[in-house]
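# Please work out how this folds:
(one chain, ligands or ions: 1)
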Amino acid sequence: PVPLRYGAQYTGMRTDEAMQQWRSHRFGQFIHWGLYAIPGGVWNGKTYNYAAEFLKSSARIPTATWDSLMYQFNPREFDARAWAKMAKQMGARYMTITTKHHEGFCLWPTKFTDFNISNTPFRRDILKELVDAYNAEGIDVNFYYSVLDWHHPDWRYDIKSPEDSVAFRRFLDFAGNQLKELATNYPTVKAFWFDGTWDSSIKKNGWWTLEAEQMLKSVRPGMIVNSRLRADDFGKRHFDSNNQLMGDYESGYERRLPNPVKDLQVTKWDWEACMTVPENQWGYHRDWTVSHVKSPLELLEMLVHATSMGGNFLLNFGPDGNGGFRNEERHIAQFIGKWMEKNGPVIWDCGYAGWEKQDWGYFTRKNGSAHVNMIVFNKPVSGLLKVKVKGDVKILSAKAGGKAYRVEEIAKNEYFIHFTDRKMTEPRVIVLETAKASEAADKYQDART
Ligand SMILES: Cc1ccc([C@@H]2N[C@@H](C)[C@@H](O)[C@H]2O)cc1
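Residues are numbered from 1 along each chain as shown. As a prediction, the model looks like this:
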């Protein structure tokens, strides 16, 4: 392997309590909220279809003009407790909030720039209200932080001169100070979700990305950081030049999920996929007719899909400039919440079952359990659900609620579950009880004698 100073700091999955908690949550609520929520993708009467949080660049708005939105930020409807209740009802176990997005506006009263919530008509510390409200509902809070900063004069996309180096060094000190401030002043924060780290200026300063990770973990032992923060000695990101994952979980799945057949490598490490409800809107956009809006069922299937491959699913909400959620978002939360109320146990604390993906849906398994969960989305015409088990395993029973389904062994390690449900109105969970084939044989042995 190539000797690295700023590469992966450890190999394998973390087994400490904090990481086990993060991993067991499986389902998180992403919240993108900032000045971009005020115009909501519309500027001077023109609607820009690209992501609303990029309106500043889509509409080529001068920084001074964009930054003056700060004087309008006064979300009267904002109620952190109501947000937290909606997330709780949805079945989310953690929430990731944009402390600062690319625009550079800070949702907390930071000491390191005036471009923050305390200089708005609203004044209140939104971050503190959210952390307190979500924690009170038993939901962990993580911080999204964009290193890329359109507001800060010392930001550089690349380092092309000694002046760039001096300025960018000041910028990295600024970012480091903000990160330390966040980890210190909000002591219950569990993880940092870094974004805006793809530019050459960062890739040429891999040392800083490791220093930021180490600083956060020294301020808060157990802190979790995503792979997207990290660049190694050669500017390689996410996976270092020895192909080792940097940070504590892979965060490369944005608006896409790993393939359940071809991408099984992800089951070897922690990872999280983040997802928009429209095709590509993270911040609030006034007009959702500009693209496909995913249905609650599509999003529920993605949550199950991620869990089935041992990953987390971070579903995005974009509150408007007043602090309200769209009806589509409320409906999604209510729909998924209703399903999770009954079936949360096949998501929370669950992961990759180790069996081959089948067409009818997904397997999940609570770590180490002899029970394997089937979440059925696509009932076949035959009503026969194929299950291929691995190794010394026999299926003893298949149950949904109190009802048992016939388990038919059709070949070695292959079964049909006779799924006689007539009409499927929602994804159905069938729990398989398994035992070691060798031991199970003894069980039959007993029956025969
Ligand atoms: C090209 C591009 C840059 C940044 C993004 C940001 N990452 C997501 C997690 C959102 O924050 C989006 O604004 C998306 C696409």
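
# Can you name the residues of the stretch 151-300 of the chain sitting close to the ligand?
Counting by CB under 6 Å from any ligand atom, the stretch 151-300 of the chain comes close to the ligand at 195, 254, 274, 282. From N, CA and C alone the C-beta is placed, and that goes for glycine too.

# and those residues, which are buried?
The neighbour-count test (16 or more other CB atoms under 10 Å) marks 195, 274, 282 as buried among those.

# Out of those residues, which is nearest to the ligand?
The closest of those to the ligand turns out to be Trp282 (CB to the nearest ligand atom; 4.1 Å).

# which non-adjacent residue is nearest that closest one?
Nearest residue to Trp282, sequence neighbours excluded (CB to CB, 6 or more residues apart in numbering): His32, at 4.2 Å.

# Tell me who's in contact with the one you found.
Contact analysis of His32 by CB atoms under 8 Å, 6 or more residues apart in numbering lists 53, 98, 101, 144, 282-284, 316-318.

# could the buried ones among the residues of the stretch 151-300 of the chain next to the ligand be laid out in CSV, adding pLDDT?
Formatted as CSV, these follow (pLDDT from 0 to 100):
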residue, pLDDT
Asp195, 98
Cys274, 98
Trp282, 98
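
# what residues are up against the residue nearest in space to the middle of the chain?
For the chain, the residue sitting closest to the mean C-alpha position, by CA atoms, centre = their mean, is Leu314 at 2.8 Å. Leu314 makes contacts with 28-30, 96, 272-275, as judged by CB under 8 Å, 6+ apart.

# partners of the host helix or strand of it in the sheet?
If you go by DSSP states H and E, Leu314 is part of strand 312-317. Strand pairing for strand 312-317, using DSSP bridges, gives strand 27-31 (parallel), strand 271-275 (parallel).

# thinking again about what came up before, now for the contacts of Leu314: which two are most distant?
Greatest spatial distance among those (CB to CB): Gln29 and Ala273, at 13.7 Å.

# Please, where are all the helices along the stretch 1-150 of the chain?
17-25, 55-58, 63-67, 80-90, 126-136 (DSSP state H, counting those that start in this stretch).

# These: which one's closest to the ligand?
Among these, the nearest to the ligand by CB to the nearest ligand atom is helix 55-58 (10.1 Å).

# residues in contact with the closest one?
Outside helix 55-58, the residues that touch it by CB under 8 Å, 6+ apart are 36, 39, 41, 43, 48, 50, 61, 63, 66, 103, 150.

# Distance to Ile159 for the residues of the stretch 151-300 of the chain next to the ligand - can I get that in JSON lines?
As requested, these are exported to JSON lines (distance: CB to CB, whole Å):
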{"residue": "Asp195", "distance to Ile159": "20"}
{"residue": "Glu254", "distance to Ile159": "26"}
{"residue": "Cys274", "distance to Ile159": "29"}
{"residue": "Trp282", "distance to Ile159": "28"}
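
# Take these and keep only those in strands.
Using DSSP state E, the subset of those located in strands is 195, 254, 274.

# Just list the residues touching the last one, thanks.
Counting by CB under 8 Å, 6+ apart, Cys274 touches 30, 251, 253-255, 314-316.

# hmm, which two among the residues you listed are most spread apart?
Ser251 and Leu315 (14.8 Å).

# Check the gap between the residue nearest to the centre of the chain and the ligand for me.
Plainly put, Leu314 is 9 Å away from the ligand if you go by CB to the nearest ligand atom, to the nearest Å.

# Could you report the neighbour count for Pro1?
9 (other CB atoms under 10 Å).

# Ignoring the adjacent residues along the chain, who's closest to it?
Spatial nearest neighbour of Pro1, excluding adjacent residues (CB to CB, 6+ apart): Asn242 at 4.2 Å.

# helix, strand or coil for that neighbour?
Under DSSP: H, G, I helix; E, B strand; the rest coil, Asn242 falls in the coil class.

# pretty sure it is touching Ala8, no?
Yes: between Asn242 and Ala8 a contact is recorded at 7.3 Å, counting by CB atoms under 8 Å.

# Surely Tyr284 is within a helix?
No: applying three-state DSSP, one finds Tyr284 to be coil, outside a helix.

# For Thr47, which non-adjacent residue is closest in space?
Asp287 (5.4 Å).

# State the next helix or strand along the chain beyond the strand holding Leu314.
Tracing the chain past strand 312-317, the next element assigned as helix or strand by DSSP H and E is helix 327-343.

# what's that following helix packed up against?
Where contact means 3 or more CB pairs under 8 Å, 6 or more residues apart in numbering; DSSP states H and E, helix 327-343 is packed against helix 80-90, helix 296-308, strand 312-317.

# gap between the last one and the chain center?
Right, the one you point to is strand 312-317. Here strand 312-317 shows a centroid-to-chain-centroid distance of 5 Å under the convention CA atoms, centre = their mean, to the nearest Å.

# angle of it against helix 296-308?
150 degrees (axes from the mean of the first three to the mean of the last three CA atoms, to 10 degrees).

# How about strand 312-317, which residues are buried there?
Burial within strand 312-317, assessed by neighbour count using 16+ other CB under 10 Å, is assigned to 312-317.

# same check, this time on stretch 231-243
In stretch 231-243, counting by 16+ other CB under 10 Å, buried: 231-233, 236-241.

# And for it, what's in contact with it?
Under CB under 8 Å, 6+ apart, the answer for stretch 231-243 is 1-2, 4-8, 197-198, 200, 202-206, 209, 227-228, 230, 245-247, 250-252.

# In strands, which of those residues appear?
Per DSSP E, these map to strands at 250-252.

# count of neighbours near Ser57?
15.

# and what of Gly41?
Count around Gly41 with other CB under 10 Å applied: 26.

# buried ones in stretch 131-147?
131-135, 137, 139-147.

# nope, stretch 148-166 is what I was after
Residues 148-152, 154-156, 159, 164 are the ones in stretch 148-166 that count as buried (16+ other CB under 10 Å).

# ok, so of these, who is nearest Trp339?
Comparing those against Trp339 with CB to CB places Leu148 closest, at 36.4 Å.

# So in the chain, which helix runs the longest?
The longest helix of the chain (DSSP state H) is helix 162-185.

# That one vs helix 126-136, what angle?
For helix 162-185 against helix 126-136, the angle by the same axes, to 10 degrees is 40 degrees.

# so what does helix 162-185 touch, helix or strand wise?
The elements that helix 162-185 packs onto, with contact taken as 3+ CB pairs under 8 Å, 6+ apart, are strand 140-146, strand 191-195, helix 206-219.
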